[in-house]
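Asker: need coordinates for the following:
(2 chains)
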Protein chains: 2
Amino acid sequence: MKRIAIDAMGGENAPKAIIDGILRVKAELPNTKFILFGDKEEIRKYLPADQITDQFEVVPTTEIINDEDEPVKAIRSKKDSSMVVAANYVKQGKADALFSLGNTGALLACGIFIIGRIKGISRPGLMPTLPAQNNDNGFNIIDVGANAKSKPEYILQWAQMATFYAEKIRNIENPRVALLNNGAESDKGDEVHQAAYKLLADSDLNFIGNIEGNEIMTGKADVVATDGFSGNIALKSVEGMSSVLLHSLKDSLLNNGLMTKLGALMIKNAIGDLRSKYDTAKHGGAVLLGVNSPVVKTHGRSNERPVYYTLKQIDKMLDENLVDEFKKEFSNK
Amino acid sequence: MKRIAIDAMGGENAPKAIIDGILRVKAELPNTKFILFGDKEEIRKYLPADQITDQFEVVPTTEIINDEDEPVKAIRSKKDSSMVVAANYVKQGKADALFSLGNTGALLACGIFIIGRIKGISRPGLMPTLPAQNNDNGFNIIDVGANAKSKPEYILQWAQMATFYAEKIRNIENPRVALLNNGAESDKGDEVHQAAYKLLADSDLNFIGNIEGNEIMTGKADVVATDGFSGNIALKSVEGMSSVLLHSLKDSLLNNGLMTKLGALMIKNAIGDLRSKYDTAKHGGAVLLGVNSPVVKTHGRSNERPVYYTLKQIDKMLDENLVDEFKKEFSNK
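Answerer: Numbering: from 1, shown residues only, chains lettered A, B, ... in the order given. Just a heads-up that it's a prediction; the model follows:
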């Protein structure tokens, strides 16, 4: 039986959203056990005794890592936090994957320092799957913030792991890989990007060259490799712009008189289409690639829907033995 | 009389868009002369002889730098191009500012290598003014791509110049300055960002700390200072996301049946509001700050409207003696 260690206390809607997500998915994943870490009383509120089958295990913990906590300090000092105890379960082989909606930095630290990186991987990288305009499968972008600074070799490894993920988990054939850069030509960017370009071009990846910030959302590439710092800026910039535009559209629709309000009702289907096209939840959470077990993060403000999709995503990573494949691939180098 | 050297051949709609923009603005700027560089015949098509007053001068040139040209090579080999001859006019003191809709890299090269950087400025920086959700005055972001790599000192100088611009040209009192980074805390980013943070905090600028990609479009800061590379990624990412969303919205409105189409007509005012709120044209073009005269670039696909606003922006920079102020401020250091 596959076993997913779940931080039940992470995120704004914990533990309700998390438990609701599990209840929604459990029948689809009958060979998976959900190990919940957190406040026993709180968990019981949303997971009544009669719902607890052998697909569940609850491990009581007494502490919570908050978003305000300094990541590395928190995982060292809050030894009995839901996140750290869950990570230790994975480390000790009592669970196969770690899932949290909590403090991203702390989760990355759990992955890197507790679960540990795969031998041969220089730096684990954080990788979400984002929706794209011309590609219903979306695209992967790695790294988006586990690293503030990178070397060309890191970027190549991230592209390799993400390509494997795109093939096995997203069923993309021969994924197109691009390097996030400040221009199209091969000599663009600083020496790190120029060297990364060469490594990618010389690899057996399906490298299509540099990609600029304005092209990432179109779906031109299946995998966008970044230097970590600018990947974080790109991800947050597109999230911010999308939020700003949709809020402003809503404001405009509400503040332009009755006719506009009526019009707004009439375009509901179109807005629904748009929402479903750019639905980030259906692609699951962001994966920390390069550590000894899958470590996955979903937005702290998620309700049960992203939790549902993320659990399916994690389950598929376990089915495909993603981490074992990475170990085989990188440990011998 | 102020004299603006204008590359009449740059951009997709040259020379028509450029000439139309000048014709629209000229009555508002009676003390300004527009010196047009380009193909004489082409210019004459849109600027008939009876329109040529003493506000105009046409300098015939025989070559054009295209978007495909390698910037530095192009300005060296195409000596009689409209852009290079215009830049030389500025260098020789026969014009006071340079304006083009052409190849950005080539224009930056004209600014840095022909017009020259101000003594005391380490690296000129490219700075657009962008619209913001909660700030009708928009905000400045610098550098967005003149530099692929930067030092903390460059970032400080860019913030200083942009602050001065925000005060004098955009009439912002005590502009709030933020550093584009991958997190809020002062120790975020690599050593360049950590050191830049310290320099900004110790300066007499109104530094409000780090800003993340998702916050830049809200208007939280009046000036966003970046490392150049990630500034380019941020700018293009928000442009790309906005274009993708608006296109998808349009598609959805057109492909959801008659009721939706009717609804789309009824929300026209709201869309108009949105369009005007995020109208980039009204803020003018992107300025290369740190060179001996104003050098300004507007989108290559612009029609006459952005040209109109950019000419007013350049005129104001000349009125405020922006470059002289920079020379005073930085040359003595």
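
Asker: what distance separates the start and the end of stretch A:275-282?
Answerer: For stretch A:275-282, the separation between the terminal residues is 11 Å (CA to CA, to the nearest Å).

Asker: flag every buried residue along it.
Answerer: A:277-278, A:280-282 (16 or more other CB atoms under 10 Å in any protein chain shown). (Each C-beta comes from the backbone N, C-alpha and C, glycine too.)

Asker: and stretch A:149-168, by the same measure?
Answerer: The neighbour-count check on stretch A:149-168 (16+ other CB under 10 Å) flags A:150-152, A:154-168 as buried.

Asker: skip the chain neighbours and tell me the closest residue to A:Ser242.
Answerer: Sequence neighbours aside, B:Met241 is the residue nearest to A:Ser242 in space, at 5.5 Å (criterion: CB to CB, 6 or more residues apart in numbering or on different chains).

Asker: in the helix or strand hosting the one you found, which residues are buried?
Answerer: Counting by DSSP states H and E, the element that carries B:Met241 is helix B:229-254. Along helix B:229-254, these residues count as buried under the neighbour rule (16+ other CB under 10 Å): B:229-242, B:244-246, B:248-249, B:252-253.

Asker: and what of stretch A:185-192?
Answerer: By 16+ other CB under 10 Å, the buried positions in stretch A:185-192 come out as A:188-190, A:192.

Asker: tell me the average confidence for it?
Answerer: When the per-residue pLDDT values of stretch A:185-192 are averaged, the result is 95.

Asker: what about it, start to end distance?
Answerer: Using CA to CA, the end-to-end distance of stretch A:185-192 comes to 14 Å.

Asker: is it anywhere near chain B?
Answerer: Yes - contact between stretch A:185-192 and chain B, assessed by CB under 8 Å from any CB of the partner chain, occurs at A:188-191.

Asker: element containing A:Gln59, please.
Answerer: For the record, residue A:59 is Val, not Gln. Using DSSP H and E, A:Val59 sits within strand A:56-60.

Asker: same question but for A:Ser276, I mixed them up
Answerer: Secondary-structure element containing A:Ser276, defined by DSSP H and E: helix A:268-277.

Asker: what ranges do the helices span in the stretch 151-300 of chain A?
Answerer: Here the stretch 151-300 of chain A has its helices, by DSSP state H, counting those that start in this stretch, at A:152-168, A:191-202, A:229-254, A:257-266, A:268-277.

Asker: by mean pLDDT, show me the worst of those.
Answerer: When the helices of the stretch 151-300 of chain A are compared by mean pLDDT, helix A:268-277 comes last with a mean of 89.

Asker: tilt between it and helix A:229-254?
Answerer: Our comparison of helix A:268-277 with helix A:229-254, counting by axes from the mean of the first three to the mean of the last three CA atoms, to 10 degrees, yields an angle of 170 degrees.

Asker: can you list contacts of the helix-or-strand element of chain A with minimal mean pLDDT?
Answerer: Evaluated with mean pLDDT, DSSP states H and E, the helix-and-strand set of chain A has its lowest mean pLDDT in helix A:268-277, which scores a mean of 89. Outside helix A:268-277, the residues that touch it by CB atoms under 8 Å, 6 or more residues apart in numbering or on different chains are A:131, A:133, B:245, B:248-249, B:252-253, B:255-257, B:259-260, B:263-264.

Asker: any chance of these in JSON lines, plus distance to B:Ile65?
Answerer: Conversion of the contacts of helix A:268-277 to JSON lines gives the following (distance: CB to CB, whole Å):
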{"residue": "A:Pro131", "distance to B:Ile65": "38"}
{"residue": "A:Gln133", "distance to B:Ile65": "31"}
{"residue": "B:Leu245", "distance to B:Ile65": "33"}
{"residue": "B:Ser248", "distance to B:Ile65": "35"}
{"residue": "B:Leu249", "distance to B:Ile65": "36"}
{"residue": "B:Ser252", "distance to B:Ile65": "40"}
{"residue": "B:Leu253", "distance to B:Ile65": "39"}
{"residue": "B:Asn255", "distance to B:Ile65": "41"}
{"residue": "B:Asn256", "distance to B:Ile65": "45"}
{"residue": "B:Gly257", "distance to B:Ile65": "48"}
{"residue": "B:Met259", "distance to B:Ile65": "50"}
{"residue": "B:Thr260", "distance to B:Ile65": "45"}
{"residue": "B:Gly263", "distance to B:Ile65": "46"}
{"residue": "B:Ala264", "distance to B:Ile65": "41"}
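
Asker: which of those sits closest to B:Gly105?
Answerer: Within the contacts of helix A:268-277, distances to B:Gly105 taken as CB to CB reach their minimum at A:Gln133, with 26.9 Å.
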